[in-house]
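Trainee: Any chance you could fold what I've pasted below:
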Amino acid sequence: MESIFHEKQEGSLCAQHCLNNLLQGEYFSPVELSSIAHQLDEEERMRMAEGGVTSEDYRTFLQQPSGNMDDSGFFSIQWFNLNSLLTGPELISDTYLALFLAQLQQEGYSIFVVKGDLPDCEADQLLQMIRSNRCIDQNLLEKN
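Mentor: Numbering: from 1, shown residues only. As a prediction, this is how the structure comes out:
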């Protein structure tokens, strides 16, 4: 099995090991993922500022920890099934992603990875709201 790349997980760097194993190579390091997360944080801060830096939403946003990473090595990455035969995009959980991609590959589908600077879109704002709601739900669960 030497021809199959496998990176054993160290610490809590699940996203790094998941991505590298999925892509079959050492593509991401903790430093690179941290840099990407910080870039996303800055982009989110700039988008939130567009609503006014004195708004309650903006001040609340600044007080929250990053939704893209934390000190333990957790990195939040969103995956979507954009199959044009579907009625709309489907959000894919991290847990389901590997199984989903393996099934697509077995069925002969093409899988494309899009990297680089992408244009702004409403989906980014929607994901931020979903991520914020998940944090609120998690905080409520922790308090109960």
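Trainee: what are the ranges of the strands in the protein?
Mentor: Using DSSP state E, the strands found in the chain span residues 79-81, 90-92.
Trainee: Under the pLDDT cut-off, which ranges of this protein? List them.
Mentor: Within the chain, the ranges that satisfy pLDDT under 70 run 1-3, 73, 75-78, 94, 114, 118-121, 123-124, 126-144.
Trainee: Please repeat the previous calculation with a cut-off of 80.
Mentor: For the chain, the stretches with pLDDT under 80 are 1-6, 8-15, 17-19, 21-23, 66-84, 86, 88-89, 91, 93-98, 110-144.
Trainee: pretty sure His17 is touching His6, no?
Mentor: No - the pair His17 / His6 is not scored as a contact, 9.2 Å apart, by CB atoms under 8 Å. Where you see a C-beta, it was placed from the backbone N, CA and C, and this is true even at glycine.
Trainee: out of these two, which sits in the busier spot?
Mentor: It is His17, of His17 and His6, that has more neighbours when counted by other CB atoms under 10 Å, with 18 against 10.
Trainee: what's the closest non-adjacent residue to that one?
Mentor: Nearest in space to His17, with sequence neighbours left out and distances taken as CB to CB, 6 or more residues apart in numbering, is Gln9 at 4.5 Å.
Trainee: number of nearby residues for the one you found?
Mentor: Counted with other CB under 10 Å, Gln9 comes out at 13.
Trainee: how close does it get to Phe74?
Mentor: Plainly put, Gln9 is 13 Å away from Phe74 if you go by CB to CB, to the nearest Å.
Trainee: Out of the strands of the chain, flag the one nearest Gly116.
Mentor: Among these, strand 79-81 comes nearest to Gly116, with 16.5 Å by CB to CB.
Trainee: same for the closest one, what does it pack against?
Mentor: With contacts taken as 3 or more CB pairs under 8 Å, 6 or more residues apart in numbering; DSSP states H and E, strand 79-81 sits against strand 90-92, helix 94-106.
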